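need coordinates for the below:
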Amino acid sequence: MPATPTPSAPNGRYNRPDASMSLLTNVMDHGLDEGYAEAAAARGGARDSRIPRTARGLLTLGAGLALVGAVVTVGAVNARKAEPTLAKERDALIHRINDSNGSADRLQKQVQDLRRKVDDTQQQALPSGGGDAAGLAGAVGLGEVTGPGVKLVLEDAAGTGLGGNVDPRAGQGFSNSGRLRDRDLQLVVNGLWGAGAEAVSINGQRLTALSAIRAAGEAVLVDNRPLVPPYTVLAIGDGPKVLDAFEGEMAGSYLRLLQEKYGIKSTLSVQKSLTLPAAVGVTLRTAQPATPEPTPTPTSTVAPTATPTEASTATPGTPISPSASVSPSASAGGGSGSGRRTPSGAAKTTSAHSPTTASTGPSSAGTGAARP
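Residues are numbered from 1 along each chain as shown. Below you'll find the predicted structure:
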């Protein structure tokens, strides 16, 4: 029979063949509950000493909001400090623009006054024909004219954001169909000229044969001067006739079409008296007869001809220039010799343009032939 095992451990357990498996023995003999309990106790003490997780999140959020608020506050303070500076600069620019416009208006008025004085002085200096000169000056736009005529007021359609003294550059541009354009004014002005107008101005700008109505950006320019609506067009002439002729031609129909389709307002009326100023920056240019140049006096010129000499004398060793010719008077004396003689009928011709006869050397009296 097998021997009965005896307990060898203090706890009274019997030794077995697998007693070497200490891990299992420890697990069975010593439970893990005590270790878990100790770890939980230690974890609970540390948690009590730290800030709760929710409180930490709130603190982080508060710090971020405080930083954002500080940045926004600093930006607002800087912007508030910069606003007065920008406003001052803008006011200074507006003031400069107004001063420049005022100076330009004063200079224009001064030019008109000086032009009027010049016209008066010309009238006094001309003993006769002064009336014709004044009439021509008024016709070409260089003089102030007064007389009956018509007044046409053109205004943009309502709702375009323009009108009055508003800067035309602040609107929506010429893409807005309710705005008057440069070509509209061109057609209206040409219609007034065709209806019999003798002088025309737009917003005080006198038109001449050299005037231009065009657009620069979103502004309408007349002689490079920007205009703002409403546009007041004055035309001097026979008022009723000009009005009837204008309304009966294409320009009048075009204005009615603009009013019906786009809401552009136009008012045409007859005026008993209108005054149009002289054009500024125009110089009267007149043609002067050209001074005839003096006609040169024709002179007779005869080309020099080379005549054979009876006896040519030359210094030995000196070449004779091809341009040098010897006249018959330079032949050897006495007419004796063996050289060729000049025909008896040959005439000697002297001209201011003929070369001077050159002597090729001292004559050899008594010798007949020239030396080689």
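
if we go by neighbour counts, what in stretch 217-233 is buried?
Buried residues in stretch 217-233, counting neighbours by 16 or more other C-beta atoms under 10 Å, are found at 218-223, 225, 227-233. Every C-beta, even on glycine, is put in place using the N, C-alpha and C of the backbone.

hmm, which of those is lowest in pLDDT?
The weakest per-residue confidence within the buried residues of stretch 217-233 falls on residue 218 (76).

quick one, strands of the stretch 151-300 of the chain?
For the stretch 151-300 of the chain, the strands identified by DSSP state E, counting those that start in this stretch occupy 199-202, 205-206, 213-216, 219-222, 225-227, 231-236, 265-276, in order along the chain.

so which of the ones you listed is the most packed in?
Ranked by mean neighbour count under mean count of other C-beta atoms under 10 Å, the strands of the stretch 151-300 of the chain are led by strand 199-202, which reaches a mean of 24.

so what strands line up beside that one?
Strand 199-202 has its sheet partners listed here by DSSP bridges as strand 205-206 (antiparallel), strand 231-236 (antiparallel).

how about the helices in the stretch 201-350 of the chain?
If you assign secondary structure with DSSP state H, counting those that start in this stretch, the helices in the stretch 201-350 of the chain sit at 239-248, 250-262.

closest one to residue 33 among these?
helix 250-262 (95.1 Å; C-beta to C-beta).

walk me through the domains of the chain.
Taking automatic domain parsing as the reference, the chain has its domains at 55-123, 143-276.

could those go into TSV alongside distance to residue 33?
As requested, the domains of the chain are exported to TSV (distance: least, C-beta to C-beta, whole Å):
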stretch	distance to residue 33
domain 55-123	33
domain 143-276	85
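
point out the most buried one among those domains.
domain 143-276 (a mean of 17).

and the domains of the chain: which comes nearest residue 289?
With C-beta to C-beta as the criterion, residue 289 lies closest to domain 55-123 of the domains of the chain, at 21.3 Å.

now do the closest one, average pLDDT.
83.

rewinding a little: out of the domains of the chain, which is closest to residue 288?
Closest among the domains of the chain, once you apply C-beta to C-beta, is domain 55-123, at 17.6 Å.

with distance to residue 214 and mean pLDDT as new columns, can the helices of the stretch 201-350 of the chain be given to me in a markdown table?
Putting these into a markdown table (distance: least, C-beta to C-beta, whole Å; pLDDT from 0 to 100) gives the following:
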| stretch | distance to residue 214 | mean pLDDT |
| --- | --- | --- |
| helix 239-248 | 23 | 92 |
| helix 250-262 | 19 | 90 |
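
now these in a markdown table, with distance to residue 268?
A markdown table is the format used below for the helices of the stretch 201-350 of the chain (distance: least, C-beta to C-beta, whole Å):
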| stretch | distance to residue 268 |
| --- | --- |
| helix 239-248 | 6 |
| helix 250-262 | 8 |
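
who wins for proximity to residue 277 among these?
The closest approach between residue 277 and any of these, judged by C-beta to C-beta, belongs to helix 239-248 at 19.6 Å.

ok, residues contacting that closest one?
Under the contact criterion C-beta atoms under 8 Å, 6 or more residues apart in numbering, helix 239-248 has outside partners 148-150, 191-192, 194-197, 235, 252, 268, 270-272.

between it and strand 265-276, how big is the angle?
140 degrees (axes from the mean of the first three to the mean of the last three C-alpha atoms, to 10 degrees).

keeping just the C-alphas, turn helix 239-248 into PDB.
Listed next in PDB are the C-alpha coordinates belonging to helix 239-248 (Å, rounded to 0.1, in the frame of the first residue of the first chain):
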ATOM      1  CA  GLY A 239     -36.000 129.500 -78.700                       C
ATOM      2  CA  PRO A 240     -39.300 128.200 -80.100                       C
ATOM      3  CA  LYS A 241     -37.700 127.200 -83.400                       C
ATOM      4  CA  VAL A 242     -34.800 125.400 -81.700                       C
ATOM      5  CA  LEU A 243     -37.200 123.600 -79.300                       C
ATOM      6  CA  ASP A 244     -39.500 122.400 -82.200                       C
ATOM      7  CA  ALA A 245     -36.600 121.400 -84.400                       C
ATOM      8  CA  PHE A 246     -34.900 119.500 -81.500                       C
ATOM      9  CA  GLU A 247     -38.000 117.600 -80.500                       C
ATOM     10  CA  GLY A 248     -38.700 116.700 -84.100                       C
END
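
nearest residue to residue 159 other than its sequence neighbours?
Ranked by C-beta to C-beta, 6 or more residues apart in numbering and with sequence neighbours excluded, the top spatial neighbour of residue 159 is residue 178, at 6.8 Å.

can you put the strands paired with strand 199-202 in JSON lines and add distance to residue 290?
Formatted as JSON lines, the entries for these read as follows, by distance: least, C-beta to C-beta, whole Å:
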{"stretch": "strand 205-206", "distance to residue 290": "32"}
{"stretch": "strand 231-236", "distance to residue 290": "37"}
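
do you know which of these lies nearest residue 113?
strand 205-206 (15.3 Å).

mean confidence (pLDDT) on that closest one, please.
Model confidence over strand 205-206, given as mean pLDDT, is 90.

the helix of greatest length in the chain packs against which elements?
Residue-count comparison of every helix in the chain, with assignments taken from DSSP state H, identifies helix 53-125 as the longest. Counting contacts by 3 or more C-beta pairs under 8 Å, 6 or more residues apart in numbering; DSSP states H and E, the secondary-structure elements packed against helix 53-125 are helix 130-140.
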